[in-house]
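> sequence and predicted structure, then a few things I'm wondering about:
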Number of protein chains: 2
Amino acid sequence: MAQLSLSRRLRRTPFSDGVEAAGVKAYTVYNHMLLPTVFRSVEEDYRHLKDAVQVWDVSCERQVELRGPDAGRLMQLLTPRDLRSMLPGQCYYVPIVDETGGMLNDPVAVKLSEDRWWVSIADSDLLYWIKGLAYGYRLDVLVDEPDVSPLAIQGPKAEDLVAAVFGDRIRDIRFFRFDKFAFEGTELVVARSGYSKQGGFEIYVEGSDLGMPLWNALMEAGKNMDVHAGCPNLIERVEGGLLSYGSDMTDDNTPHECGLGKFCNTQTAIGCIGRDALLRVASEGPIKQIRAISIDGDAVPVCDRHWPLMAKNKVVGRISSAAWSPDFNTNVAVGMVRMTHWDEGTELTVQTPAGPRQATVHENFWI
Amino acid sequence: MAQLSLSRRLRRTPFSDGVEAAGVKAYTVYNHMLLPTVFRSVEEDYRHLKDAVQVWDVSCERQVELRGPDAGRLMQLLTPRDLRSMLPGQCYYVPIVDETGGMLNDPVAVKLSEDRWWVSIADSDLLYWIKGLAYGYRLDVLVDEPDVSPLAIQGPKAEDLVAAVFGDRIRDIRFFRFDKFAFEGTELVVARSGYSKQGGFEIYVEGSDLGMPLWNALMEAGKNMDVHAGCPNLIERVEGGLLSYGSDMTDDNTPHECGLGKFCNTQTAIGCIGRDALLRVASEGPIKQIRAISIDGDAVPVCDRHWPLMAKNKVVGRISSAAWSPDFNTNVAVGMVRMTHWDEGTELTVQTPAGPRQATVHENFWI
């Protein structure tokens, strides 16, 4: 592992003191902010995430707030997903594309009210795209990054832990819905969502003052649930097919290549940017697409660059994320594969830094 | 120092193999890309930068390319600096502001021709702002991130080293000008510029294939000049008052607060975004501004968050970057100070993680 030089530019969060006290071992940088990646070890964190409950500092999921009469119009301009039936209290996963249909981000849109939205972003400055459009279109809307830092509670015991702090009403929240709950006199948005397949919640903490009190309240309430500080886990998210913007997809890719075609209602999402390009893609289909890939042999090294996927001597795709999965007893990976070789069971060779390995294409991720 | 988890999302560069072979000790992340921060030690790298010559992988200074009939119009829309007299072959430092005059980036604009520009960016996805505006304004211009990776040669012997590889014509390039020079049959843009006060050049390497051949050619040619791999140096850049976007300024700040008012020709840069707000600022002046600050005592810790500057018990500013300077035998720092306390020689107290220290405001940086 490499060393990271800290500076003010790599922003701390309202929970950084708690993260440090819990013994964080490594970070990545995400939206110019520190995102923990390891507490005990990636493998131990993985086991614990699947067995118990973790509190995650995901402040780096920054919000872009759209506020004003044109907020809804701007939101629909941004995404090919049809938002007409979306109600306040709902969260939608929304691919954001440019005029050519290239992915700029894959955030979650949180509809607070008809004229107020949060866009909870992946790792790119989507604020700049939205501000540029709002200004260029002369829309009647304010666009900024509010001081809101999500704290995720993930794992099979997440509901019990969040209920212990916020009350049993939390159990009524459905998947990708949110409601407001009081903590120390302040109403906070709490959504049933998160970047794992283990279930859980994300609490949108406004301002910094409540950060450590909330962190500490969760740690205290979870003592008998084996609560521990955690973070998005590489193994678990690859098993579950949760994509990472910047790793598994970039603005070179359409949503359809990323398997996100189901979130594109290109026929009905009238006025969205990239519609012309995506109508073409939707009718013809992509010529390459994200697939689950298993890689034979013992644990692969860290995937810090594309690994070519070969059929005989021809490149037919590439791996962008990979990890050893203890539960599935194989290396699990995310790859982009050309249609000629994307069928279930196709055998390929992947060129890893540890040499060539046999790889197999799968229709579905592991969970 | 913390550990950094590598992933494909933190992009490698065409020079990463050379950086690793040279024994890089630490990185930061800048524009979603690895930027080395330490080779031998920050202090040794500093001494060597001031005495000899270094080759820097600053690929993270990504380019945004503007190409087409409206490229010049879009460029002037982006910045309050008057670009009318700028000629192809020139580089301009251009503050980029939003409609409220808040800094979005502080890049260098490289005018390749009347209808083709590169914007060599600091750490924010300026591509998204420019693309959003171009789309919103329906401008006839292509905006993208080309595969161009700058390699900087910095230090007192930089000219000799670059001349050894590209020929003596390189000596004719004036400060913030560029010309084209052949390397292995490919014409490359070479500018006299760089993020240090020691003088030098930046070579804009197109594509990846030439990366390591150029790196190796410079290392080979510089053997008798004590060439070494290096990187932007915290101590040297603070001594010289080179600001870091994200650390020393953000979109909360106007160019005038950052001491960049001299790059704002708000009266004549007609049509630029933020003009209304900046005309107001230009006439009234900012109420806080960047200042050089010295901090008494032995070496301060890493400045990874704002340190409050106090006058009696009142906060009157904050430190955003700081380092021990061997040459000036004091801690040098960058601070934002309110006008009531920004005069030369004003004594303040700075609250560092190592306790309160006496600090002094200076009119000028050290070099």
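Perfect, I can see it now. Keep in mind it's a predicted model, so treat the numbers as computed, not measured.
> residues in contact with the residue of the stretch 1-150 of chain A found nearest chain B?
Nearest residue of the stretch 1-150 of chain A to chain B (C-beta to the nearest C-beta) works out as residue A:136 at 1.4 Å. For every residue, glycine as well, the C-beta is placed using N, CA and C. Each residue near residue A:136 by C-beta atoms under 8 Å, 6 or more residues apart in numbering or on different chains is listed here: B:132-137.
> burial of the spatially closest residue to residue A:233 that is not a sequence neighbour, as a residue count?
Residue nearest to residue A:233 in three dimensions, not counting chain neighbours: residue A:46, with 5.0 Å by C-beta to C-beta, 6 or more residues apart in numbering or on different chains. Counted with other C-beta atoms under 10 Å in any protein chain shown, the neighbours of residue A:46 add up to 23.
> which elements pack onto the strand or helix carrying residue A:46?
With elements taken from DSSP states H and E, the one containing residue A:46 is helix A:42-51. Secondary-structure packing of helix A:42-51 (3 or more C-beta pairs under 8 Å, 6 or more residues apart in numbering or on different chains; DSSP states H and E): strand A:228-230, helix A:234-239.
> ok, then the element right after it?
Helices and strands here follow DSSP H and E; after helix A:42-51, the next one along the chain is strand A:54-57.
> domain parsing for chain A?
Split into domains by automatic domain parsing, chain A comes to A:16-61+A:147-237, A:63-144, A:287-367.
> strands along the stretch 251-367 of chain A, start to end?
With strands called from DSSP state E, counting those that start in this stretch, the stretch 251-367 of chain A shows them at A:288-295, A:307-311, A:314-325, A:330-338, A:347-352, A:355-362.
> which bits of the stretch 151-300 of chain A sit near chain B?
Residues of the stretch 151-300 of chain A lying close to chain B by C-beta under 8 Å from any C-beta of the partner chain are A:234, A:244-248, A:273.
> now, which of those residues sits nearest residue B:29?
Distances from residue B:29 to these, taken as C-beta to C-beta, are shortest for residue A:246 (10.9 Å).
> number of residues surrounding that closest one?
The tally of other residues near residue A:246 (other C-beta under 10 Å) stands at 20.
> now do the contacts for it.
Shown here is residue A:246, whose contacts under the criterion C-beta under 8 Å, 6+ apart are A:122-124, B:8-9, B:32.
> relative to residue A:202, how far out is residue A:242?
Between residue A:242 and residue A:202 the computed distance is 14 Å (C-beta to C-beta, to the nearest Å).
> please apply the same query to residue A:10.
Relative to residue A:202, residue A:10 is positioned 22 Å away (C-beta to C-beta).
> and if you look at residue A:110?
Relative to residue A:202, residue A:110 is positioned 9 Å away (criterion: C-beta to C-beta).
> joint contacts of the two?
With C-beta under 8 Å, 6+ apart, residue A:110 and residue A:202 have common neighbours A:120, A:191.
> which residue packs closest to the residue of the stretch 151-300 of chain A found nearest chain B, ignoring adjacent ones?
Nearest to chain B in the stretch 151-300 of chain A, going by C-beta to the nearest C-beta, is residue A:246, at a distance of 3.6 Å. Once flanking residues are discounted, residue A:246 sits nearest to residue B:9: 3.6 Å by C-beta to C-beta, 6+ apart.
> return the residues in contact with that neighbour.
Contacts for residue B:9 were tallied using C-beta under 8 Å, 6+ apart; they are A:28, A:123, A:244-247, B:32.
> kindly report the same for residue A:52.
The contact partners of residue A:52, taken as C-beta under 8 Å, 6+ apart, are A:155-157, A:225-228.
> format those as CSV; extra columns: pLDDT and secondary structure.
Rendered in CSV, the data for the contacts of residue A:52 read as follows (pLDDT from 0 to 100; DSSP: H, G, I helix; E, B strand; the rest coil):
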residue, pLDDT, secondary structure
A:155, 98, coil
A:156, 98, coil
A:157, 98, coil
A:225, 98, helix
A:226, 98, coil
A:227, 98, coil
A:228, 98, strand
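> buried members of the residues you listed into PyMOL, please.
For selection in PyMOL, the members of the contacts of residue A:52 meeting the burial criterion (16 or more other C-beta atoms under 10 Å in any protein chain shown) are listed in this command:
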select buried, chain A and resi 155+157+225+227+228
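> and the two most separated of the contacts of residue A:52?
Farthest-apart pair in the contacts of residue A:52 is A:156 and A:228; separation 13.5 Å (C-beta to C-beta).
> get me the contact residues on the stretch 1-150 of chain A for chain B.
Proximity of the stretch 1-150 of chain A to chain B is confined to A:1-10, A:12, A:24-29, A:32, A:37-38, A:98-99, A:104, A:123-137 under the rule C-beta under 8 Å from any C-beta.
> quick check on the residues you listed: which are buried?
Listed as buried from these are A:2-10, A:12, A:24-29, A:32, A:37-38, A:98, A:104, A:123-137; burial here means 16+ other C-beta under 10 Å.
> hmm, back to that, just the closest of the residues of the stretch 151-300 of chain A next to chain B to residue B:259, please.
If you rank those by distance to residue B:259 using C-beta to C-beta, residue A:246 comes first, at 33.3 Å.
> from residue B:172, how far off is the closest one?
Taken as C-beta to C-beta, the span from residue A:246 to residue B:172 is 41 Å.
> OK, contacts around residue A:149?
When contacts are counted by C-beta under 8 Å, 6+ apart, residue A:149 touches A:13-15, A:57, A:59, A:204-205, A:208, A:211.
> strand partners of the helix or strand hosting it, parallel vs antiparallel please.
For residue A:149, the host element (DSSP H and E) is strand A:148-154. As defined by DSSP bridges, the strand partners of strand A:148-154 come to strand A:54-57 (antiparallel), strand A:200-206 (antiparallel).
> any idea of the mean pLDDT in the longest one?
It refers to strand A:200-206. Taken as a whole, strand A:200-206 has an average pLDDT of 98.
> go on, the shortest one?
Averaged across strand A:54-57, pLDDT comes to 98.
> with stretch A:313-325 instead?
With pLDDT averaged residue by residue, stretch A:313-325 scores 98.
> list of residues touching the helix or strand bottoming out on mean pLDDT in chain A?
Among the helical and strand segments of chain A, the one scoring lowest on mean pLDDT, DSSP states H and E is helix A:275-284, with a mean of 91. Contact with helix A:275-284 is made by A:80, A:97, A:99-101, A:254-256, A:261, A:264, A:266-267, A:269, as judged by C-beta under 8 Å, 6+ apart.
> give me that answer again for 10 Å
By C-beta atoms under 10 Å, 6 or more residues apart in numbering or on different chains, the residues outside helix A:275-284 that reach it are A:80, A:95, A:97-102, A:254-257, A:261, A:264-267, A:269, A:272, A:274, A:287.
> any weak-confidence spans in chain A?
Across chain A, the stretches falling below the confidence threshold (pLDDT under 70) are A:1.
> that's all I had, so thanks and see you.
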